[in-house]
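1. Take this sequence and fold it.
(chains A and B)
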2 protein chains.
Amino acid sequence: MPTRTVFFISDGTGITAETFGNAILAQFEMKPRHVRLPFTDTVDKAHQAVRQINHTTEVEGQKPIVFTTLVSMEVLSVIQQGCQGMLLDMFGTFVRPLEVELGLKSNHRIGRFSDVSQSKAYHDRIEAINFSLAHDDGQSNRDLEQSDVILVGVSRSGKTPTSLYLSMQYGLKASNYPLIPEDFERRQLPPALMPHRKKIFGLSIQPERLSEIRNERRPNSRYASIENCRMEVSEAEAMMRRAGIRWLSTTTKSIEEIATTILQELQPERLTY
Amino acid sequence: MPTRTVFFISDGTGITAETFGNAILAQFEMKPRHVRLPFTDTVDKAHQAVRQINHTTEVEGQKPIVFTTLVSMEVLSVIQQGCQGMLLDMFGTFVRPLEVELGLKSNHRIGRFSDVSQSKAYHDRIEAINFSLAHDDGQSNRDLEQSDVILVGVSRSGKTPTSLYLSMQYGLKASNYPLIPEDFERRQLPPALMPHRKKIFGLSIQPERLSEIRNERRPNSRYASIENCRMEVSEAEAMMRRAGIRWLSTTTKSIEEIATTILQELQPERLTY
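-> Okay, the predicted model is just below:
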């Protein structure tokens, strides 16, 4: 597979540059070598970046790809003028046409978070992460009514990483509850959840895949056996159907895909801005 | 502040579209109203999206902004032809010039994760999240040598959200350890950490800010008092200096900024691809 060096230059963390760049590069059958140059926020650092890019060009005999999310025009223009790589200016490309359409000048603010200790949105996001941790795996019913989302499902169906993703990415307070044999015997959702049915979303999974995942943790246990996984999944799905709660199968889905589907279905109030 | 409706259309989750779009929109003093249209992966759904955009245009009397990350040319062209909003085609804009530079055709693959149950990278990422949870707050020394990063700092200096972010975003196994009075008395890092000094990174924080954060949890406690916070922070910083470990102050920094700085300093092997 062809290789290519790819630079990500930002005056902030460069995380947006890299996330977006990765999505673009995933369209090509090639092996990118990543070089991250975050916090490139002075003309000096811009000249340093240019030297590094041009050195790579000489050594490798081909142009590196250079993704930039630079808010400072001064820094950007040093790179535009000196760099021998292929420059993809991700901000400028869209900011300038937007200035025309919106009739506004861009404010050239760096990064999403300038001083986070002053930001309510950031504070709420950290609170949401703490909430999701404290409400992982049915650990606590305290303040359960504050949840934006309550996930249910059998052990290892993907509840924990999905809850954490919802809080980290969207600042949502996500609780999760395991469905266990006692619930199946009672043939009802855990009683603490009953008043919050509208916020509940179920995760299910193919028994074969569940057995695989559980076998990594507890090889050859009854817990991981295909018979037990089949029983638990079938009981859990029957219970979710009876309770009329929405659910999806996580078998082939990433936490991003699971989270997106949950948001579409539940439309949590906190996200309607 | 002017408002504007902003659509995010993707044939995948649309998370990349929204993250990147948010970074661009943050450059303007306006209040965007977000409409997410993920999984727009058929011509039918594209026509539905066009109807929704054009309806918004009529009702609001101004063009909505439409960010797309569409891999399917068929879906994209329905939107290009029918939509009255201002279209910002985030993939096409960069993919086509890259095809020329790389001499490769793009493969039009949707999303980062096609079937995650088959992906080793995805499997490792979920393992990293589980590892970070199991190694939160010094809970376990088991397999500590597998950590890519070990964070230390006083309680509420930001270790937990940063560890989770490192695992979620980068698939790094991040452990974290609180520095507590026993450590200060012994004047040494927790003994379990000694063999892994190269992977340790410290988080510190201004005593005033720490006291604020702790007061939210335990108002008027000794734990939250400014005197105690001053003492703990000063002991912790002295200890980190003596041990020769790198550290930063998290007072005004987001978890993204903290994580980026840690990666720059530690350069964990797993990320050198």
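2. and the closest residue to residue A:146 other than its chain neighbours, what is it in contact with?
-> In space, and not counting its chain neighbours, residue A:146 is closest to residue A:173: 5.7 Å by CB to CB, 6 or more residues apart in numbering or on different chains. In short, each C-beta sits where N, CA and C put it, glycine included. Residue A:173 is in contact with A:127-128, A:131-132, A:135, A:146-149, A:167, counting by CB atoms under 8 Å, 6 or more residues apart in numbering or on different chains.
3. same question, residue A:201
-> Per CB under 8 Å, 6+ apart, neighbours of residue A:201: A:149-152, A:245-248, A:262, A:265-266.
4. What is the most widely separated pair among those?
-> The span of the contacts of residue A:201, defined through CB to CB, is set by A:150 and A:248 at 14.8 Å.
5. In the stretch 101-250 of chain A, what residue spans correspond to strands?
-> A:149-153, A:174-178, A:200-204, A:247-249 (DSSP state E, counting those that start in this stretch).
6. The third one versus strand A:149-153: what angle between them?
-> It stands for strand A:200-204. For strand A:200-204 against strand A:149-153, the angle by axes from the mean of the first three to the mean of the last three CA atoms, to 10 degrees is 30 degrees.
7. Paired strands for strand A:200-204, with orientation please.
-> strand A:149-153 (parallel), strand A:247-249 (parallel) (DSSP bridges).
8. how near is the residue lying closest to residue A:151 once chain neighbours are set aside to chain B?
-> Nearest residue to residue A:151, sequence neighbours excluded (CB to CB, 6+ apart): residue A:176, at 4.1 Å. To chain B, residue A:176 is 12 Å away according to CB to the nearest CB, to the nearest Å.
9. what residue ranges in the stretch 101-250 of chain A score low on pLDDT?
-> Applying pLDDT under 70 to the stretch 101-250 of chain A picks out residues A:110-114.
10. Residue numbers of it in contact with chain B?
-> A:101-102, A:104, A:106-109, A:111-113, A:115-117, A:122, A:126, A:129-130, A:133, A:136, A:160-161, A:164-165, A:168-169, A:209 (CB under 8 Å from any CB of the partner chain).
11. Could you rerun that using 7 Å?
-> For the stretch 101-250 of chain A, the residues in contact with chain B (CB under 7 Å from any CB of the partner chain) are A:101-102, A:104, A:106-109, A:112-113, A:115-117, A:122, A:126, A:129, A:133, A:160-161, A:164-165, A:168, A:209.
12. returning to that earlier point: want to throw the strands paired with strand A:200-204 into JSON lines with distance to residue A:198?
-> Shown next, in JSON lines, are those (distance: least, CB to CB, whole Å):
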{"stretch": "strand A:149-153", "distance to residue A:198": "10"}
{"stretch": "strand A:247-249", "distance to residue A:198": "14"}
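13. For the stretch 151-273 of chain A, just list every one of the helices.
-> Per DSSP state H, counting those that start in this stretch, the stretch 151-273 of chain A carries helices over the ranges A:159-170, A:181-186, A:207-217, A:226-243, A:255-266.
14. Between strand A:200-204 and the third one, find me the angle.
-> Which is helix A:207-217. Using the same axes, to 10 degrees, helix A:207-217 lies at 80 degrees relative to strand A:200-204.
15. helices or strands up against helix A:207-217?
-> helix A:226-243 (3 or more CB pairs under 7 Å, 6 or more residues apart in numbering or on different chains; DSSP states H and E).
16. Tell me the buried residues in the helix it packs on?
-> Going by neighbour count (16 or more other CB atoms under 10 Å in any protein chain shown), the buried part of helix A:226-243 is A:228-229, A:232-233, A:235-237, A:239-240, A:243.
17. cool, and stretch A:66-85?
-> Buried residues in stretch A:66-85 (16+ other CB under 10 Å): A:66-72, A:75-76, A:78-80, A:83, A:85.
18. In strands only, show me those residues.
-> If you go by DSSP state E, these have A:66-69 in strands.
19. Now the residue lying farthest from the centre of chain A: which helix or strand?
-> Outermost residue of chain A with respect to the C-alpha centroid, by CA atoms, centre = their mean, is residue A:58; its distance is 36.7 Å. Here residue A:58 is covered by helix A:43-60, with elements defined by DSSP states H and E.
20. Could I get the average pLDDT for that helix?
-> Helix A:43-60 shows a mean pLDDT of 97.
21. In terms of secondary structure, what does that helix contact?
-> strand A:3-10, helix A:73-82.
22. ok, the longest one near chain B or not?
-> Spelled out, it's helix A:73-82. No - against chain B, helix A:73-82 shows no contacts by CB under 7 Å from any CB, the least distance being 11.9 Å.
23. Please report how far the nearest residue to residue A:142 once chain neighbours are set aside lies from chain B.
-> Counting by CB to CB, 6+ apart, residue A:142 lies nearest to residue A:134, which is 7.8 Å off, once chain neighbours are set aside. Distance, residue A:134 to chain B, using CB to the nearest CB: 11 Å.
24. Distance of residue A:134 relative to residue A:49?
-> Remark: distance between residue A:134 and residue A:49 (CB to CB, to the nearest Å) = 42 Å.
25. Which one of the helices and strands packed on helix A:43-60 lies nearest to residue A:205?
-> That would be strand A:3-10 among these, by CB to CB, at 35.1 Å.
26. what comes into contact with whichever helix or strand comes after the closest one?
-> Next in sequence after strand A:3-10, counting helices and strands by DSSP H and E, comes helix A:15-25. With CB atoms under 7 Å, 6 or more residues apart in numbering or on different chains as the test, helix A:15-25 has contacts from A:6, A:8, A:10, A:32, A:36, A:67-69, A:90, B:16, B:19-20, B:23, B:69, B:91, B:94-95, B:98, B:112, B:256, B:260.
27. what's the answer for stretch A:52-70, then?
-> With CB under 7 Å, 6+ apart as the criterion, stretch A:52-70 contacts A:4-11, A:14, A:16-17, A:21, A:76, A:79, A:83-91, B:23, B:101.
28. Could you rerun that using 8 Å?
-> A:4-12, A:14, A:16-18, A:20-21, A:25, A:32, A:35, A:37, A:40, A:76, A:79, A:82-92, B:23, B:98, B:101.
29. ok, now which ones touch residue A:202?
-> The neighbours of residue A:202, taking CB under 8 Å, 6+ apart as the test, are A:151-153, A:236, A:240, A:245-248.
30. tell me which of those is nearest to chain B?
-> Distances from chain B to the contacts of residue A:202, taken as CB to the nearest CB, are shortest for residue A:248 (12.0 Å).
31. And that closest one, how far from residue A:214?
-> 20 Å.
32. okay, these two: which has more neighbours?
-> Using other CB atoms under 10 Å in any protein chain shown as the criterion, residue A:248 and residue A:214 rank with residue A:214 on top: 21 against 18.
33. That one and residue A:140, how far apart?
-> 25 Å.
34. from the buried residues of stretch A:66-85, which two are the most distant?
-> A:71 and A:85 (19.9 Å).
35. how far away is residue A:36 from residue A:67?
-> 10 Å.
36. ok, back up a step: is it correct that the residue nearest to residue A:142 is in contact with residue A:144?
-> No - under the criterion of CB atoms under 8 Å, residue A:134 makes no contact with residue A:144, lying 10.6 Å away.
37. The two: which has the busier surroundings?
-> residue A:144 (18 against 13).
38. Identify the residues contacting that one.
-> For residue A:144, counting by CB under 8 Å, 6+ apart, the contacting residues are A:135, A:150, A:175, A:192-193, A:196.
39. Could I get the residues you listed in JSON lines, plus columns for neighbour count?
-> Output for the contacts of residue A:144, formatted as JSON lines (neighbours: other CB atoms under 10 Å in any protein chain shown):
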{"residue": "A:135", "neighbour count": "25"}
{"residue": "A:150", "neighbour count": "28"}
{"residue": "A:175", "neighbour count": "30"}
{"residue": "A:192", "neighbour count": "14"}
{"residue": "A:193", "neighbour count": "22"}
{"residue": "A:196", "neighbour count": "15"}
